[in-house]
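K.L.:
sequence first, then the predicted structure, then my questions.
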Amino acid sequence: MGVEHIHYLLPKDHAFQPSPQQLEKLIAGLYNGSWLCRPDSAGFSQLDFSCSCDFELARKTGGFRREPQTKDCESIPYPATSEWFAARLPADLLLIWPIYGFEKCRSLRYPFDQSVGEETEIYFEIQLQIAENYLHRVSEIIDPLSNVDCKCGASLEFYADGGPFFNGRIHKNCPECGTLFDPGDVFAVCRDVWTGIETEVAGGATSCFALAIDCGKAIPNIDSETAIRIHPDLKKLVEETLGVMFYELGDIY
Ligand SMILES: [Zn+2]
């Protein structure tokens, strides 16, 4: 199978942006729940950071911040504190914890509600995608939102130069009249990756925050009856820590 899969956990309140304190708590929760591997644990030495040159930055602490300008990439400190976030926000942040060699790291939990797939090497990245304005995630299977204009008529779409995300952007607040744009008021047609069945999803995959699991070609075990789902314990942790409800959407690239 040639497709690569990324799975998003998205806030139902599309405008939600976590505070530095909430981010600190969420990352601590990911470690406590064994969704991330502590750099001082025995399992950590089993992880492989040799697959990509920017993973070198994750070798010490397990995670790194990806930027298009390599010089701006950095390790995510362990533990990641609210002060670290406060010094960087509201800039866009793409935080990545690469988990390569999952099958050898017994202390870690698999983030999907399925068993691991057929690949002999199980890998994925846990990402936090944090943006100042909405990321308008569009793909072969996620259409653009049905409307991206403010009620005053101004177009809210724009493209940002630089930064870690390649998505188009939508202003959170209209630059003309200041009104908050709520992507949940409009929809995107989304096609199920496996069945092709189309549904209208309020807000599509548009948000200022997402937890994403990019599993590339190491797709979990599925049959025609089941869709890929994030593990309910992981979803519950994110919802309880951040105090908002989430929904999930899969995408391919
Ligand atoms: Zn407006």
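P.N.:
Thanks, I have the structure now. Everything numeric here is computed off the predicted structure, so don't read it as measured data. Residues are numbered from 1 along each chain as shown.
K.L.:
mind checking the SS state of the residue most central in space within the chain?
P.N.:
Note on the chain: the residue nearest the mean C-alpha position is residue 212, at 2.5 Å, using Cα atoms, centre = their mean. On the three-state scheme (DSSP: H, G, I helix; E, B strand; the rest coil), residue 212 is labelled strand.
K.L.:
for it, give me the pLDDT.
P.N.:
Note for residue 212: predicted pLDDT of 98.
K.L.:
these two touch, right, it and residue 6?
P.N.:
Yes: look at residue 212 against residue 6 with Cβ atoms under 8 Å: they come within range, at 5.6 Å. Every C-beta, even on glycine, is put in place using the N, C-alpha and C of the backbone.
K.L.:
rewinding a little: does the residue nearest to the centre of the chain have beta-bridge partners, and which?
P.N.:
Bridge pairing for residue 212 (DSSP bridges) gives the partners residue 8, residue 127.
K.L.:
which ones are touching it?
P.N.:
Residues in contact with residue 212 (Cβ atoms under 8 Å, 6 or more residues apart in numbering) are 6-9, 125-129.
K.L.:
neighbour-wise, which of those leads?
P.N.:
residue 7 (24 neighbours; other Cβ atoms under 10 Å).
K.L.:
look up how far residue 251 lies from that residue.
P.N.:
8 Å (Cβ to Cβ, to the nearest Å).
K.L.:
now do residue 36
P.N.:
22 Å.
K.L.:
next to the ion, which bits of the chain? Give me the list.
P.N.:
Residues of the chain lying near the ion by Cβ under 5 Å from the ion: 150, 152, 154, 174, 176-177, 179.
K.L.:
the nearest residue to residue 184 once chain neighbours are set aside: what's it in contact with?
P.N.:
When the adjacent residues along the chain are set aside, residue 184 lies closest to residue 203, with 4.5 Å between them (Cβ to Cβ, 6 or more residues apart in numbering). The contact partners of residue 203, taken as Cβ under 8 Å, 6+ apart, are 10, 12, 14, 145, 182-184, 186-188.
K.L.:
how far away is residue 203 from residue 135?
P.N.:
12 Å.
K.L.:
go on, residue 199?
P.N.:
Applying Cβ to Cβ to residue 199 and residue 135 gives a distance of 20 Å.
K.L.:
looking at the two, which is more packed in?
P.N.:
For residue 199 versus residue 135, neighbours defined as other Cβ under 10 Å are more numerous around residue 135 (23 against 10).
K.L.:
from residue 203, how far off is the residue of the chain most remote from its centre?
P.N.:
The centre of the chain is farthest from one residue, residue 152, which by Cα atoms, centre = their mean lies 31.5 Å away. According to Cβ to Cβ, residue 152 and residue 203 sit 20 Å apart.
K.L.:
coming back round to it: which members of the residues of the chain next to the ion are classed as buried?
P.N.:
The neighbour-count criterion (16 or more other Cβ atoms under 10 Å) marks 150, 174 among the residues of the chain next to the ion as buried.
K.L.:
quick one: contacts of stretch 181-199?
P.N.:
Counting by Cβ under 8 Å, 6+ apart, 3, 5, 12-15, 134, 138, 140-148, 150, 156, 170-174, 200-207, 222, 224, 227-228, 249-252 sit against stretch 181-199.
K.L.:
er, stretch 158-167 actually
P.N.:
65-69, 91-94, 129, 131, 133, 135-138, 168-171.
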